[in-house]
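Peer 1: Make a model of this:
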Amino acid sequence: MRIVVLGSGISGLSTAAELLRGRHEVIIVSATPITATTSFLAAAVWFPTAAGPADRVRAWSDTTFEHLAALAAAGAPGVRMCESTALYRDEPAVPAWSRSVRSFRAAGPGELPPGYGFGFRFAVPLVEMPTYLPFLSAQVDAAGARRVRRTVHRLADLADLSPDVVVNCAGLRAAELVGDPDAYPIRGQIVRVTNPGLSVSIRDEAHPLGRAYVHPRAADCVLGGSLEPGEWETAPDPELTRSILRRCRDLAPALAESQVLETLVGLRPGRAEVRLELDTVALPGIPVVHNYGHGGSGITIGYGCALESAALVAAL
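Peer 2: Residues are numbered from 1 along each chain as shown. Below is the predicted model of the structure:
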């Protein structure tokens, strides 16, 4: 079939890759280059965040974890398994995601920064999106995808491409195209700093100043961050930048001497539940598979959602 995939972030490209494996003709439509997508800005460490429903997210997360772990083992550019620490001030229950990660254990006293009495150590995939997303995009192009650069205001704007199926992976704009009242932006602000020699990813989801994470990459560290539902502002907030730096230095004191490289803001596609389903009403005569609303879990569930989207197409 001829399939139009709307969107070129991690969801659109992953779905396109699976459809191409199924020998479909794939046309990827996007308004911007991949460098302008929210995916390109993402810290992109596997960790279920702000997505539902829980049972489907768990299945998609597990599938995606194994896929990313296999990419890391194969040496895919920008993908590696990363030792990680989740920090707690009070003794926590064992988290539900513990069964999905590798090498899960209690953190020892020497692995905890000052002020923290508890923590868990584990290994998860970390994806450097400025490296991996162009790699995935090139793979999709090599497999025969056609690219169309245009702004789409409604799904009917795709009719001239004569699609047999449309797959809607347009992130936050995906909901706008179909008038979905359940979708909303989740503003995220991160700070990129020089890496003082860190190799372990660290997070505290309950820091008094707000959620905090430190994700070391090859040439920098990504510090975050914010989850602000309903906020559309894309200009960085200087006060929030200062807060992120303070809370992340609590997690990793070595960051005190790091140089700030830039502050970035992205709008995650929020929804109480990911919309992944077949729609025969939105575009009369042409089936539409919706794949959007991943919240802060795009890299965590993206491949699992791509497989399910391709399966919905295959069943037509």
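Peer 1: from here on, contacts and neighbour counts on C-alpha atoms
Peer 2: Fine.
Peer 1: helix or strand for the nearest residue in space to Leu255 that is not next to it in sequence, which one?
Peer 2: Leaving aside its sequence neighbours, Leu255 sits nearest to Arg249 (Cα to Cα, 6 or more residues apart in numbering; 5.5 Å). Remark: Arg249 resides in helix 238-251, with elements defined by DSSP states H and E.
Peer 1: Please list the residues outside that helix that contact it.
Peer 2: For helix 238-251, the external contacting residues (Cα atoms under 8 Å, 6 or more residues apart in numbering) are 113-114, 189-191, 202-204, 207, 209-210, 212-214, 223-225, 255-256, 263.
Peer 1: Give me the buried stretch members for that helix, please.
Peer 2: 240-241, 243-251 (16 or more other Cα atoms under 10 Å).
Peer 1: could you point out which element follows it?
Peer 2: Sequence-wise, the next helix or strand downstream of helix 238-251 (DSSP H and E) is strand 260-271.
Peer 1: strand partners of the helix or strand following that next one, parallel vs antiparallel please.
Peer 2: For strand 260-271, the following helix or strand on the C-terminal side (DSSP H and E) is strand 275-279. Pairing partners of strand 275-279, with direction, according to DSSP bridges: strand 288-292 (antiparallel).
Peer 1: Report the inter-axis angle for the helix holding Arg249 versus strand 260-271.
Peer 2: 100 degrees (axes from the mean of the first three to the mean of the last three Cα atoms, to 10 degrees).
Peer 1: what about dumping the CA coordinates of helix 238-251 to PDB?
Peer 2: Taking C-alpha atoms only, helix 238-251 is exported to PDB below (Å, rounded to 0.1, in the frame of the first residue of the first chain):
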ATOM      1  CA  PRO A 238      15.900  32.000  33.300                       C
ATOM      2  CA  GLU A 239      14.600  31.400  36.800                       C
ATOM      3  CA  LEU A 240      13.800  27.800  35.900                       C
ATOM      4  CA  THR A 241      17.200  27.400  34.400                       C
ATOM      5  CA  ARG A 242      18.800  28.500  37.800                       C
ATOM      6  CA  SER A 243      16.500  26.000  39.600                       C
ATOM      7  CA  ILE A 244      17.400  23.100  37.400                       C
ATOM      8  CA  LEU A 245      21.100  23.800  37.900                       C
ATOM      9  CA  ARG A 246      20.600  24.000  41.700                       C
ATOM     10  CA  ARG A 247      18.700  20.700  42.000                       C
ATOM     11  CA  CYS A 248      21.000  18.800  39.600                       C
ATOM     12  CA  ARG A 249      24.000  19.900  41.600                       C
ATOM     13  CA  ASP A 250      22.400  18.300  44.600                       C
ATOM     14  CA  LEU A 251      22.300  15.000  42.600                       C
END
